Each structure stands twice: as C-alpha cells, then as structure tokens.
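Participant: from the sequence below, what's the structure:
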Amino acid sequence: MGLLDSVLGQVLGGGAQQQQPGGGLGGLGDLGGLAGALGGLLANNGEQGGLGGLVTKFEQAGMGDVIGSWIGKGENAPVSGNQLNDVLGSDTIAAIASKLGINAQTLLPMLATMLPALIDHLTPHGKVPEEGVGNHDDLLASLSGLLQKG
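Facilitator: As a prediction, this is how the structure comes out:
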C-alpha cells in the first residue's frame, strides 16, 4: 500500500485503502479524477496558478510558514480543514469536492492530511521548482509515483 492510499484510507475510514485494478482508489473513483481535482491547486495550468500561486495564497493568509514547512525539508506543519477553507475559499473547496463526488465536510480533513504530504513529495529538493510541478499530466504521473511508494 502506498503513502497516498494509506492517507486516504485513514481519512475515509478504510474505504480507499485498497488500490483497485486499473489504478482506482476505492470510494474516490480513479486516480485521474483525484489528479484532476488536485490539479487545479498544484498544476501549472490549474486555476490557482500552480504551486507558486498556492504558496502566495498561503502567504496572503498569514500561513506562509505552514506551506513552507511542506516544501522544505523536515517536519510538515499541520493544517486544519477550516484553515484550508479560509486560504482556498469555499468555492474552490466546493469545486474540488464536486470533482471527487464528495461533500466539502468530507474533503476538508482529507485535504488537510493529504495536501502536506503531496506538496512534500512534489518538492523533494526543499523548494518550489522554478518551472513549477508541471501540468495536469505531469501531476498525474507524480501521483502515480506517490501511490507506488511504500
């Protein structure tokens, strides 16, 4: 079981722990759906301006140190679902939840657990890559790598 499977399984009470044939993730649909939903936050061609745009949103909300810990080496600072809702906005949260077929109240704790690990994985050198983390397809490949990690 990979890291993302484990995180999703913990947050969703075990419904997503088993990786399904073809790369699916139990109760969340396929990996493409997950990457598509998170692509808006992290991908260079996403709605938030890529990882750099997400860092800016956190800084504007006074939480630059939190996302900085996810990017840098060392322990990832925790974030709550409510803090993510404040940083990203309820419209963004609702759109991601809709893409995943879940409600915002289910998404927020999952995102609070998964986003730090994902950003940490996407920034192995402790900084935001100048070229960003790539487009949606690049993000899908990176998520596949994270799922394979055990």
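Participant: now the helices for the protein?
Facilitator: Taking DSSP state H as the criterion, the chain contains helices spanning 3-11, 31-42, 50-60, 64-71, 81-88, 90-100, 104-122, 136-148.
Participant: deepest of those, which one?
Facilitator: By mean neighbour count, with neighbours taken as mean count of other Cβ atoms under 10 Å, helix 31-42 ranks first of the helices of the chain at a mean of 21. Any C-beta I mention is one placed from the backbone N, CA and C, and that applies to glycine too.
Participant: what bits of the protein have low per-residue confidence?
Facilitator: Screening the chain residue by residue with the criterion pLDDT under 70, one finds the ranges 1-36, 136, 139-140, 142-150.
Participant: quick revisit: and the helices of the chain as TSV, adding distance to residue 130?
Facilitator: Shown next, in TSV, are those (distance: least, Cβ to Cβ, whole Å):
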stretch	distance to residue 130
helix 3-11	26
helix 31-42	15
helix 50-60	9
helix 64-71	13
helix 81-88	23
helix 90-100	25
helix 104-122	14
helix 136-148	14
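Participant: all set now, cheers.
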